[in-house]
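Novice: Structure for this input, please:
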Amino acid sequence: MLPTSRRRETSTSTSTSTSTPSPSEQAPDLSITTDDQVHLHAAGYHESPERGLVHSMARFRSSPLDFIREVSLYVSGSSWRSYDDIVGQPVFYNGFSENMKNMVLNNTMLVTKVRELAAKRVEVEAKEGLLGEVDMDGEGIKDRKVERRVQIEENLMEVAESLTDGMICKMESKSFIRGAYYGATQLLTRAYHQGVHVSSEEVLRLRSVAAQAAKDKQSIIFLPCHRSHIDYVSLSIICYRLGLSLPTVVSGDNLNFPVVGSFLQHAGAMWIRRSFGDDQLYTTVVQAYIDTLLANGLNMECFVEGSRSRTGKLLPPKFGILSYMLESVASGRVEDAIICPVSTQYDKVIEVDSYISELLGQPKPKENLMDFLSASSVLSLKLGRVDVRFHEPWSLRTFLKQQQDRFSRLPQKLDLKEERLRILRTLGYKVLSEINQVSVIMPTALVGTVLLTLRGRGVGKTELIRRVEWLSDRVRGQGGRVAHFANIPTSDVVDRALEVLGPQLVGLVPGLPEETFYAVDRFQLSFYRNMTIHLFVLQALVSTAMYTKVKQGGGPKNQRISYSDLHDQVHFLSQLFRGEFIFPTEGLDHNLAKTIAGLEADNVITVTRDANNSDVVSYVELSPAERETGRENFDFYCFLIWPFIEAAWLGSISLMMLTPPPSHTPTATSLWLDHARFQNVAQVLGKTLYHQGDLSYFEAVNKETLKNAYTRFEEDGMILVTRATSKGVKPKIRIAEEWMPVRDTRKGNIVAGGLLWAFAERISLSRREGKNRRDGATVKGRVLGLADLVGESLWENVGVEGGEEGEGEREALLKARAKGRRARNTMTISPRL
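Specialist: Prediction:
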């Protein structure tokens, strides 16, 4: 195995360097050409598409003879196109699918489950008298039970066979995969005209790991982030071109629609339901198939986030398929598997337009053939390039053993189920953390971040270039990676980023002496800004905690904050966003101390320590140097996270709408409202507050960010939510009794008091100061009045009588009470703030 990527030196300086980073900072990119040789070269945006990972295809109009020759090479399977000498277990041969299906259906676990289900069903039928009368000697009923059990087993195996056939990938024809590769490459390299880039060192290391895995008959499980449907296309192209065994891609069956579904299944897609429910047979078939894949050393690909990120940053891990993979190894049915986290970054994501519609509350359209074919409209665009980065692969067996050893040293032993759950959670967040480690910050993300973290309406070209260089330095200072610039000027990099983003996202003010750019669509640009936020989330939390004092104005001493107040607010914010961001696992005190030390070293803050103990921090304030530079660093960190703080504040204020109107009786506090309708109305409230000046960021109306806030409120027992137990039963929501706002008995309006208002105010301490927020009494009346007005629609046609609660409602109540009202402990407002 090749050594891991060397760590380059990082700078903590905030100086604005005018030099571009040296290409030697990272391993060179990989270029593969049609002569079947691997070439290493310093990567840069100045290079032609032919130097990318995917060799540029001949175009029929410009060179018809070359085009025909190229197609013939694919048809004949010339050289590497034959896909014969691959690293890994054999795929794409006649009988592959039938062989896999037979192994799944003969899986011991599946056969045992079928017998178990059949036996249970026979017993139920016997109790219900469906098997006839019991004979005197009891022999007749036994025979009928055996006969019926065999019949049910046969029926269940037929169902299992049908499920397996619809699920498994059907890699049968090399001619098909050659054509699929050619077509996918044509489409991808036309849309992403600068090609697909990988790190040479990472790819060579991956080939070495793959060779050893093939020798040991072990699978490589690729776990990429998920921002686009292009993710699995680009990874499959890389594996094909490098001669690695193509992975079986775990895919949601929402993509299994006519024509496209069959095509993808023959290219490697494994179809699974979006929800398994309580279907024990289906669950077992999935586990049996995964066991079969891993036991035979066949590579797999699974998106650890579950669905595509609509916000640009990583989503919390989904543990469904991960749990099946972990179970295969933990149970001993599979010896080992190799985990390989993968980051895929884009200059521009094709689907962002549709994402924005969804985030603003438009229903997600069902995938269909026409929409799939309409994707061809993007092929004439210049979307930049795709950067794929591979973390160093590691053994799942070794990870499992390390975690088991760690838990064995705990004073209180965990039962097997709890231990597996903790290991699974650790696995998910470890993969996400490693994806962030190898992620590359693209030029479009740099430009988008700069435009959304400035106070002014726009920015001149010179300042934009300086800020991009400054941000690149900050990214490297945090141990992050910036896409290769090679030796071209930053001005060219900025120009190309602006070209990719286009005038629909970034506008140019006409008629000015210097080119001046401004954000046209802040909501869509926030997708690219969110690609950088994971690097600075700790600094952002500290900065917005300090802002509770900084925004008060006055002299420096008036704006400093005590360490205890800083600690309290950072703790509150970190709890608020525990489902929104991926935090380091060392704990609050360690992370806070490290962040303060880093900001002090960067000369962003000045720290006053205890006179008797230099290790104890007493006060923190902005440094004189930071004030002289116009709070450049401090404002940058605040601007990064302010939209999320706004969204959390909006989420808490929207809960006021769950207060029954004055026309309802007191017993109405136990009424449940439609959850989906509530979230939609909350977005309407957010849009109203934004346009009336009480919300600074339109991005705060983001559906996904609001959903994360409600999940956090539910976890802390602030709201109660029922789950859909069957088709047609919609989730419901209500506010917990102790969090219920009260109304003025005389005027009928919601009173600005109680736990919920105090919670919202605690969030508001770190919100960006706005002109509409300085008159506290007016704000209270206006915001609460709007919440009441907008929320009226939720209570239309809702009966005033409480009524009997169903099983789902009772379960939600019990869960909320068991949570111990954690939020009440985390939101207590310190009088010092």
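Novice: for the stretch 701-833 of the chain, which spans come out with low pLDDT?
Specialist: For the stretch 701-833 of the chain, the stretches with pLDDT under 70 are 724-728, 770-779, 799-833.
Novice: Helices of that one, start to end?
Specialist: 703-715, 754-764, 776-791, 807-818, 822-826 (DSSP state H, counting those that start in this stretch).
Novice: Please export the C-alpha coordinates of the longest one as PDB.
Specialist: Pointing back at helix 776-791 there. Output of helix 776-791 as PDB, limited to C-alpha atoms (Å, rounded to 0.1, in the frame of the first residue of the first chain):
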ATOM      1  CA  GLY A 776     -37.900  45.400  21.500                       C
ATOM      2  CA  ALA A 777     -41.500  46.000  22.300                       C
ATOM      3  CA  THR A 778     -42.400  46.600  18.700                       C
ATOM      4  CA  VAL A 779     -40.600  43.500  17.600                       C
ATOM      5  CA  LYS A 780     -42.400  41.400  20.200                       C
ATOM      6  CA  GLY A 781     -45.800  42.700  19.100                       C
ATOM      7  CA  ARG A 782     -45.100  42.500  15.400                       C
ATOM      8  CA  VAL A 783     -43.500  39.100  15.300                       C
ATOM      9  CA  LEU A 784     -46.000  37.400  17.600                       C
ATOM     10  CA  GLY A 785     -48.800  39.100  15.900                       C
ATOM     11  CA  LEU A 786     -47.700  37.700  12.500                       C
ATOM     12  CA  ALA A 787     -47.200  34.200  14.000                       C
ATOM     13  CA  ASP A 788     -50.800  34.400  15.300                       C
ATOM     14  CA  LEU A 789     -52.100  35.700  11.900                       C
ATOM     15  CA  VAL A 790     -50.300  33.200   9.700                       C
ATOM     16  CA  GLY A 791     -51.000  30.400  12.100                       C
END
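Novice: Can you give the contact residues for it?
Specialist: When contacts are defined by C-beta atoms under 8 Å, 6 or more residues apart in numbering, helix 776-791 is touched by residues 653-654, 656-659, 661, 681, 684-685, 688-689, 692, 694, 749-750, 752, 772-773. All C-beta spots, glycine's among them, are computed from the backbone N, C-alpha and C.
Novice: rerun that using 7 Å as the cut-off
Specialist: 653-654, 656-657, 681, 684-685, 688-689, 694, 749-750, 752, 772-773 (C-beta atoms under 7 Å, 6 or more residues apart in numbering).
Novice: again, but for stretch 648-656
Specialist: Counting by C-beta under 7 Å, 6+ apart, 576, 682, 685-686, 689, 695, 700, 706, 709-710, 713, 719, 735, 741, 750, 756, 759-760, 763-764, 767, 783-784, 787 sit against stretch 648-656.
Novice: Give me the distance between the spatially closest residue to Gly261 that is not a sequence neighbour and Arg455.
Specialist: Spatial nearest neighbour of Gly261, excluding adjacent residues (C-beta to C-beta, 6 or more residues apart in numbering): Leu255 at 6.5 Å. Look at Leu255 and Arg455: by C-beta to C-beta, to the nearest Å, they are 43 Å apart.
Novice: Of these two, which one has the most company?
Specialist: Leu255 (15 against 8; other C-beta atoms under 10 Å).
Novice: ok, the more buried one to Gly554 distance?
Specialist: Distance from Leu255 to Gly554, by C-beta to C-beta: 58 Å.
Novice: swap in Arg746?
Specialist: 39 Å.
Novice: and what of Phe276?
Specialist: 59 Å.
Novice: Pick out whichever of these two has more residues nearby.
Specialist: Each of Phe276 and Gly554 has its neighbours counted (other C-beta under 10 Å); Phe276 has more, 12 against 9.
Novice: Now do the helix or strand Thr688 falls within and helix 776-791, the angle between them.
Specialist: Thr688 belongs to helix 675-691 when assigned by DSSP states H and E. Relative orientation of helix 675-691 versus helix 776-791 (axes from the mean of the first three to the mean of the last three C-alpha atoms, to 10 degrees): 140 degrees.
Novice: Ile561 is in contact with Met546, isn't it?
Specialist: Yes: using C-beta atoms under 7 Å, Ile561 is in contact with Met546, at 5.5 Å.
Novice: which one of those two has more residues nearby?
Specialist: Set Ile561 next to Met546 and count neighbours by other C-beta under 10 Å: Met546 wins out with 27 against 22.
Novice: quick one: the helix or strand hosting the more buried one to helix 754-764, angle?
Specialist: Following DSSP H and E, one finds Met546 within helix 537-550. Per the same axes, to 10 degrees, the angle that helix 537-550 makes with helix 754-764 is 100 degrees.
Novice: which residue is nearest the centroid of this structure?
Specialist: With distances taken as C-alpha atoms, centre = their mean, Leu315 lies nearest the centre of the chain, 2.2 Å away.
Novice: I appreciate the help and will end here.
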